[in-house]
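Asker: structure for the following, please:
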Amino acid sequence: MANIVQGAVDLADCAREPIHVPGFIQSFGVLLAMRAGTEMVTQISNNARVIFGQDAVELVGQRLHQIIGREGADEILNVLGSGNWKEANPIELTIPIDRAGKQLAVDAIVHRYDGLDFVELEIVSPEATKVAKRSYHLVQAALLRMQQALDTPSLFDAVVSEAQRLTGYDRAMLYKFDRDDHGHILAERKQDHQDSFLGLHYPASDIPEQARRLYRVNWVRYIPDVRYQPVPLIPVVDEDHARLTDLSHSVLRSVSPVHCEYLRNMGVAASMSVSILREGRLWGLIALHNDTPRFIPYQMRAACELLGQVLSLRIAALEDTEDSAYKSKTNALQARLLAALPEYKDLAGALVATSPNLLDFIPATGAAVLFGDKIYTLGKVPDDQTIRTILRSTLGHVTAPIFVTDRLQDRMIEARSFTATASGVTAFTASRARNIHVFWFRTEQVQIVEWGGEPTKPVEINGEAARLSPRKSFDKWKQEVYGKSQPWLQTEIEAAAELRATLMSLLLEKSSEA
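Answerer: This next block holds a predicted model:
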């Protein structure tokens, strides 16, 4: 019987799993690897017989043209040599597969990485060709609808609707990562018989850091059948590198068996994920699930990649617009305060007593200025002794210009006793020599978070071998979150940095005048 782990096991082993060098590929294609700039095949996947009618060991050491024919080999080598393989993929080839002249239509997807040239071959079926021809018109309609979305909720709804229509998957979701790398389902389209995941949260351990890193490298991760049998590379270690081959950019790369088990536990038979990036950071995913195995030709996956790229740009544009709209509400007040400060001899008093003041500058429930031995406060704040304790535990130990947290009790245990006044803090030091510090406080905002399964029990231990396996229950699990404030927005952090620069400049001027 499986024993649920409660605190005894962390997910460090999962987080260290070297998923970029699995030594295996998925079984929906055949992979060949060559020394970069040559035709010498140094590795080939052990399912080569499904295309070439020969075992992999017979093909290792041959030249590419000996395996797929001179015409196809020349086209592939020209693309690899040009460096424009991303634009050229897929290369549509008809390759000879026996001496009787029988030929096979394949899509070749090529790339160069880490001193090797990779050729990945997928058999093209008549049905796949029909689907690929439809992809252009479908993605054109999808992009138009996304461009017409005027706010993020309507954009999110449009993208899951169009992704489902484009791919035919049973479920399409928009999955966003928060600051702690937990996931949150913001939009969903599903079949009537399926339970809804909309609004559910998932712990960061479900998609560990090394997996998020690969999502930043590759826009699309695709598993047509989660029950596939991994196919090893022959040889597993190529003689030039003397290490496992890095398949980070491979479309056939085998995925973690833990992840496949996780999907099976969810009742998912096929999946595809499309990355959403903002300023190089993984913002989220378009996540697609199907109840049965589903093959999508490369052209359709490329169309989904385009969807993800355009969505990334649209999210950035709309979020910037929404940030600008929010900032415009406070810009005038901030400008008035910054403009008025040089006129005041009592800077601390000006920040808390005049209008506009610190709470107009950044929305918060309280604010404080420590100026020498004095403390000036505004709104709902901790007592003076507690403020000095917070100072020692935060600005007293950090070198960053701005200290920000929406959960102060993670920094100092004693903060649990004053969450009613200071669950969240934004602060900066204007002068250490003169002991001048500025604080904004936000009170606790109790939240009800609905998780897709209990987040504190993400794994189980099975049997005497103590093998980690993903949880089996994804039932909705409610959690009350205490000790956390409303999060601070990036625009608010930037406003704090602007005020800090102004105060430092004014203090420098007053010092020189003295």
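
Asker: can you give me how far the lengthiest helix in the chain is from the chain middle?
Answerer: Counting by DSSP state H, the longest helix found in the chain is helix 298-340. Offset of helix 298-340 from its chain centre (CA atoms, centre = their mean, to the nearest Å): 17 Å.

Asker: cool, and stretch 416-426?
Answerer: 30 Å.

Asker: likewise stretch 206-225?
Answerer: That offset, for stretch 206-225, works out to 9 Å (CA atoms, centre = their mean).

Asker: again, but for stretch 85-97
Answerer: 30 Å.

Asker: what comes up buried for that stretch?
Answerer: Buried residues in stretch 85-97, counting neighbours by 16 or more other CB atoms under 10 Å, are found at 85, 88-91, 93, 95-97. C-beta here means a position set from N, CA and C on the backbone, and glycine is covered the same way.

Asker: dump those to JSON lines, plus distance to Arg63, secondary structure and pLDDT.
Answerer: Listed next are these as JSON lines, based on distance: CB to CB, whole Å; DSSP: H, G, I helix; E, B strand; the rest coil; pLDDT from 0 to 100:
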{"residue": "Trp85", "distance to Arg63": "19", "secondary structure": "helix", "pLDDT": "87"}
{"residue": "Ala88", "distance to Arg63": "21", "secondary structure": "helix", "pLDDT": "92"}
{"residue": "Asn89", "distance to Arg63": "22", "secondary structure": "coil", "pLDDT": "93"}
{"residue": "Pro90", "distance to Arg63": "22", "secondary structure": "coil", "pLDDT": "93"}
{"residue": "Ile91", "distance to Arg63": "18", "secondary structure": "strand", "pLDDT": "94"}
{"residue": "Leu93", "distance to Arg63": "16", "secondary structure": "strand", "pLDDT": "92"}
{"residue": "Ile95", "distance to Arg63": "14", "secondary structure": "strand", "pLDDT": "87"}
{"residue": "Pro96", "distance to Arg63": "15", "secondary structure": "strand", "pLDDT": "81"}
{"residue": "Ile97", "distance to Arg63": "17", "secondary structure": "coil", "pLDDT": "73"}
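
Asker: C-terminal to the longest helix of the chain, what's the next element?
Answerer: helix 347-353 (DSSP states H and E).

Asker: C-alpha coordinates for stretch 326-337, PDB please?
Answerer: Only the C-alpha atoms of stretch 326-337 are listed here, as PDB (Å, rounded to 0.1, in the frame of the first residue of the first chain):
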ATOM      1  CA  TYR A 326      -3.200  52.000 -12.800                       C
ATOM      2  CA  LYS A 327      -0.100  54.200 -12.700                       C
ATOM      3  CA  SER A 328      -1.900  57.200 -14.300                       C
ATOM      4  CA  LYS A 329      -4.300  57.300 -11.300                       C
ATOM      5  CA  THR A 330      -1.400  57.800  -8.900                       C
ATOM      6  CA  ASN A 331       1.100  59.600 -11.200                       C
ATOM      7  CA  ALA A 332      -0.400  63.100 -10.500                       C
ATOM      8  CA  LEU A 333      -0.300  62.600  -6.800                       C
ATOM      9  CA  GLN A 334       3.200  61.200  -6.900                       C
ATOM     10  CA  ALA A 335       4.400  64.100  -9.100                       C
ATOM     11  CA  ARG A 336       2.900  66.600  -6.600                       C
ATOM     12  CA  LEU A 337       4.600  65.000  -3.700                       C
END
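
Asker: buried set for that stretch?
Answerer: 327, 330, 333-334, 337.

Asker: got it, and stretch 40-47?
Answerer: For stretch 40-47, a neighbour-count test (16+ other CB under 10 Å) marks 41-47 as buried.

Asker: pick out the most distant pair among those.
Answerer: Pairwise distances across the buried residues of stretch 40-47 peak at 17.2 Å for Thr42 and Asn47 (criterion: CB to CB).

Asker: what about the stretch 101-250 of the chain, any weak spots by pLDDT?
Answerer: 101 (pLDDT under 70).

Asker: as a check, name the ranges of all helices in it.
Answerer: 126-148, 152-167, 209-217 (DSSP state H, counting those that start in this stretch).

Asker: re earlier: want to try TSV for the buried residues of stretch 40-47, with secondary structure and distance to Tyr262 as columns?
Answerer: TSV is the format used below for these (DSSP: H, G, I helix; E, B strand; the rest coil; distance: CB to CB, whole Å):
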residue	secondary structure	distance to Tyr262
Val41	strand	34
Thr42	strand	33
Gln43	strand	29
Ile44	strand	30
Ser45	strand	24
Asn46	coil	26
Asn47	coil	25
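
Asker: now, which of those sits nearest His20?
Answerer: Set against His20, the nearest of these by CB to CB is Gln43 (15.6 Å).

Asker: confirm that Ser273 sits in a strand.
Answerer: Yes: assessed with DSSP: H, G, I helix; E, B strand; the rest coil, Ser273 lies in a strand.

Asker: picking up where we left off before, tell me what the longest helix of the chain is packed against?
Answerer: strand 103-113, helix 126-148, helix 152-167, strand 220-223, strand 270-278, strand 281-290, helix 358-361, helix 490-513 (3 or more CB pairs under 8 Å, 6 or more residues apart in numbering; DSSP states H and E).
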